[in-house]
Structures are given as C-alpha cells and as structure tokens.
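# Okay, predicted coordinates and the sequence, questions at the end:
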Amino acid sequence: MALPEDLQNEVYKLSISPFLLERQGNYDKAIDLHKKSIEILSMTAERFKKSSNVRKINRKMFERQADLHRERLSYLETLKSQGSFDGLVLPPTALDITQELQREDGDNSPWTLSQMQKALYEYKRQNDSTHTEPPTHLKPFLNVVDSAQIPFFAPTLPPSAESVTYRLSHSSELVELGTRSHWWFVKDSTNRHTLYAVQAVWSQEVPIVEAILRRAGEFLPHMGATGIRIRKMKGGAFRLIMSPVLAGGLVVEIPDGEAERKHWSPRRFEYGGRNFVWKSGRADGKSADGGLFKSFAWETLYETKRVWSKAGSRPGKMEDETVGPRLCWGEKGGGNGASHSIHMVGGLDLQFREHLLASQLARFVRCSYPPQKDSTGAEAVSAASSILSLAEWLS
C-alpha cells in the first residue's frame, strides 16, 4: 500500500467511525463522517490509480468501501428527511461481537455458543501451562467420553424466535490478466442493505484456496471478520479452516472420509463445546457441489447427538443422530431479487452466524469458480498448512 502507516491508520479509523456512530444513535455525525469517508476514500483510490506501485485489487477495495458509504449515506439521509430513524437496519460491527462475548460477574443468563467457544479456548490455552481446575460451567464440555451427555444447544432455542434471512448478490472485477476478484455481498432480507461481503481471488493459474468474510465497514485491505482457508484433501474432499479475528481460536470443519471421498458433506465441526454437521441440502441427500454441468445446493446444518461409523461401509463413512431443528439452510433465489438466500434459525449469536456465513460462502465460491489448473502448486501449499494468502494480493 502506498500510504504512510500513520495516514493509513487515520483513513481506516475514519472509514469505520460512521458505522459505530450509527449504533450509538448519533445519526447527524454519522452522516457527516460518511460524506468525509467518501471524499477521502475516493481521493485515495484516484491517487492509487495514478501509481504503478499499487495493485488494482487494492484500489478497487477502496472504491467498494466508498460505494458502501454512499449506500449508507443515501439511506440515512432518506430516513432523516422522513423525520424518523425508527426501524433502522444496522450493519454488524466488531464492537457488536465484542459486546456479545462479554459476560459480567453474576450474569445468570444462558451462555451463547460463542461465549462458550471463547471460554473453552481461553481455558485450554491457560491449562496447557498451569493445569488449573476448570470452572463449573466448562466441566460438562471437557474430557467428554459420551457425546450424548453434553448439554445440547439446539433444543434450547426459543421456537418463537424469528429466523434470520440473508440475501446474496455477486460482483467481480478483473484485477490482473487472468485474475478476477469475486465479491458475494450479503444483504438483509429486503436485499437493500449490505451487511457483509465474502471476497475470493480466482486465477487461471491458481485455485481459490482462501476467502475472507468482511463486515460492511471492513472492505479495505488487511481488514475482515473471518479468514477461511480452503484445504483440498487427498481424496478430493475439502476441509475449511476458519480463523475469526476477535476470539475463539481456529474452527476446523472436517468432511467424512476425507482421504477417500470427493464430496464436501457431511462435514463436521465443534463449536462452543457442541458438535455440528453440514449435510447436503438436496431432498434426496445426494451431493450437489456444483461444477461443470453439475447442480449446486446449499448445505443444511444440524447439531449432532451421536456419531458412529457406518457398519459394512468403507472407512470414514459415518452415521449420526441429530437433535433439535435445522439451524442453517439456503436456497437459490428466495425473493427480493436475490441470486441466493441463506436462512438461519432465530436465537443464534452474531459470531456463530458469521461462522456459518463464512463456511457456506467459502464452499460456494470454490464450487462456483473451479480452477483451470494449478501451475504454481497452490493446492499443495495449502495442504501443507502454508496459505497462499490474500494478504499477498492486498499488500
């Protein structure tokens, strides 16, 4: 990036500030800073355009962030002209995640999945060196012999809670010869307000081995909510290795029989001490991972009670017993002009919802934009736990 570090920090701080002001209800100040952000980001992008030292992919990210500020500015000014900000749709911020993860002493409310995920991660990291006695609320999730004895999460969700719907739309730009930056925008149920975007870079020479989920104020280089590494296994199946920026450690989604099977699902992971599985979203349960002349179907998420090897089947073939309702599912279209829609049951905390979005969209971009070839060996590098990182593109 062709900006001095101190100036870059100021630009980034300016860009995120109006989103935080919106949450505080300071709408007039947010409008002013959206205007200023548009001006500064546009000037910076124009400066980058004239520089041979800045990659086009960086410049386009500044332009996309400026466009997002324009979207918010138009929305806020419309509400202001109507005399009321009631019903304002707010894009999530890192501050929302931080506040949801916090628990005060004496808080007797149920633990969210992400609060438990963070607590377990911090305890295990501490226990590696101190071997301390676990607190009472963590004991049911540690050294579990029978998974059926873990307190289940899905049955505790309030049945009256309204489901959450996200609408998806696509845009892309050619950033180098044979290289395209793909953006899948995640909007609210009306398909009007941008909440997130997933970015992935496709090349004629390099498969997509990584993607980044970004919140609305985090479209600039080196920002993001969750990094996703897409690791192709020996049998052709894919692991997803998720790195949330704020807390909780890595979450690894592992497909059944990954050494011998090509399909993405069933794919299993642990989160907040509970066990989950992505299953094919097709009615007949068959895989639908897309590709040339092949259909794509969104996966469906369940919490599992028990998992066991299927008798008489090849190694890695598993069966399971699920508990509670489906937690996440998707569909093509879905209304309001969206290309696709993702639905989640009500009552899930924000960071867990971000994990589910990142997982489903990482699979979607890899399935939608398969590699032509891998002349650089990026797939092998990824399998060896060394990422061909988007950071290389964004530096």
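That came in fine, so what should we check first? All figures in this text were calculated on a predicted structure; none of them were measured in a lab.
# what's the neighbour count on residue 151?
Neighbour count for residue 151, taken as other C-beta atoms under 10 Å: 12. (C-beta placed from N, C-alpha, C; glycine too.)
# Grab the nearest non-local neighbour of it.
The shortest distance from residue 151 to any residue other than its chain neighbours is 5.5 Å, reached at residue 140 (C-beta to C-beta, 6 or more residues apart in numbering).
# Reduced to three states, what does the one you found come out as?
helix (DSSP: H, G, I helix; E, B strand; the rest coil).
# From what I see, it and residue 147 are in contact.
No: in this structure, residue 140 is not within contact of residue 147 by C-beta atoms under 8 Å, at 11.3 Å.
# Compare these two (neighbour count), which wins?
Set residue 140 next to residue 147 and count neighbours by other C-beta under 10 Å: residue 147 wins out with 16 against 12.
# Wait, the more buried one touches residue 303, no?
No: using C-beta under 8 Å, residue 147 is not in contact with residue 303; the gap is 10.6 Å.
# Mutual contacts of those two, please.
residue 275 (C-beta atoms under 8 Å, 6 or more residues apart in numbering).
# Mind listing what's buried along stretch 340-359?
Across stretch 340-359, burial judged by 16 or more other C-beta atoms under 10 Å covers 340-345, 347-359.
# Restricting to C-alpha, output it in CSV.
Extracted in CSV, the C-alpha atoms of stretch 340-359 (Å, rounded to 0.1, in the frame of the first residue of the first chain):
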residue,chain,number,x,y,z
HIS,A,340,-29.4,-16.8,-3.5
SER,A,341,-30.7,-16.7,0.1
ILE,A,342,-29.3,-18.1,3.4
HIS,A,343,-31.6,-18.7,6.3
MET,A,344,-30.8,-19.3,10.0
VAL,A,345,-33.0,-20.2,12.9
GLY,A,346,-33.6,-17.4,15.4
GLY,A,347,-31.6,-17.2,18.6
LEU,A,348,-28.1,-17.7,17.2
ASP,A,349,-25.4,-15.3,18.4
LEU,A,350,-23.8,-13.0,15.9
GLN,A,351,-20.3,-14.5,15.8
PHE,A,352,-21.7,-18.0,15.2
ARG,A,353,-23.9,-16.6,12.4
GLU,A,354,-20.7,-15.1,10.9
HIS,A,355,-19.0,-18.5,11.1
LEU,A,356,-22.0,-20.1,9.2
LEU,A,357,-21.9,-17.4,6.6
ALA,A,358,-18.2,-17.8,6.1
SER,A,359,-18.4,-21.6,5.8
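# quick check: mean pLDDT across it?
Averaging pLDDT along stretch 340-359 yields 98.
# the helices in the stretch 201-350 of the chain, which residues?
For the stretch 201-350 of the chain, helices defined by DSSP state H, counting those that start in this stretch occupy the ranges 350-368.
# give me the low-pLDDT residue ranges for it?
Of all residues in the stretch 201-350 of the chain, those with pLDDT under 70 make up the ranges 291-293, 315.
# what's the longest strand seen in the chain packed up against?
Ordering each strand of the chain by length in residues (DSSP state E) puts strand 318-332 first. Helices and strands touching strand 318-332, by 3 or more C-beta pairs under 8 Å, 6 or more residues apart in numbering; DSSP states H and E, are strand 274-279, strand 300-309, strand 340-344, helix 350-368.
# what's the closest of these to residue 80?
Of all the helices and strands packed on strand 318-332, it is helix 350-368 that lies closest to residue 80, at 26.9 Å by C-beta to C-beta.
# and stretch 153-168, how far out from the chain's middle?
Between the centre of stretch 153-168 and the centre of its chain there are 18 Å (C-alpha atoms, centre = their mean, to the nearest Å).
# Buried by neighbour count: which residues of that stretch qualify?
153, 154, 157, 164, 165, 166, 167, 168.
# list the contacts for the closest residue to the last one other than its chain neighbours?
With C-beta to C-beta, 6+ apart as the measure, residue 340 is the residue that lies nearest to residue 168, at 4.3 Å, once sequence neighbours are left out. The contact partners of residue 340, taken as C-beta under 8 Å, 6+ apart, are 167, 168, 298, 330, 331, 332, 333, 334, 364.
# List only buried entries from those.
For those, a neighbour count by 16+ other C-beta under 10 Å gives the buried set as 167, 168, 298, 330, 334, 364.
# Run through the bridge partners of the fourth one.
Listed beta-bridge partners, residue 330: residue 342 (assigned using DSSP bridges).
# can you tell me which of the buried residues of stretch 153-168 are in helices?
Assigned to helices by DSSP state H, none of the buried residues of stretch 153-168 qualify.
# now the residue of the chain most remote from its centre: how far from residue 319?
What lies farthest from the middle of the chain is residue 312; by C-alpha atoms, centre = their mean that is 36.9 Å. Plainly put, residue 312 is 11 Å away from residue 319 if you go by C-beta to C-beta, to the nearest Å.
# Residue 88 in helix, strand or coil?
Assignment for residue 88 (three-state DSSP): coil.
# Now that it has come up, it's in contact with residue 22, right?
Yes: applying C-beta under 8 Å, one finds residue 88 in contact with residue 22, separated by 7.3 Å.
# For these two, indicate the residue with more neighbours.
Each of residue 88 and residue 22 has its neighbours counted (other C-beta under 10 Å); residue 22 has more, 25 against 14.
# returning to what we had before: would you mind giving the helices and strands packed on strand 318-332 as CSV with distance to residue 175 added?
As requested, the helices and strands packed on strand 318-332 are exported to CSV (distance: least, C-beta to C-beta, whole Å):
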stretch, distance to residue 175
strand 274-279, 31
strand 300-309, 33
strand 340-344, 24
helix 350-368, 15
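# Thank you, goodbye.
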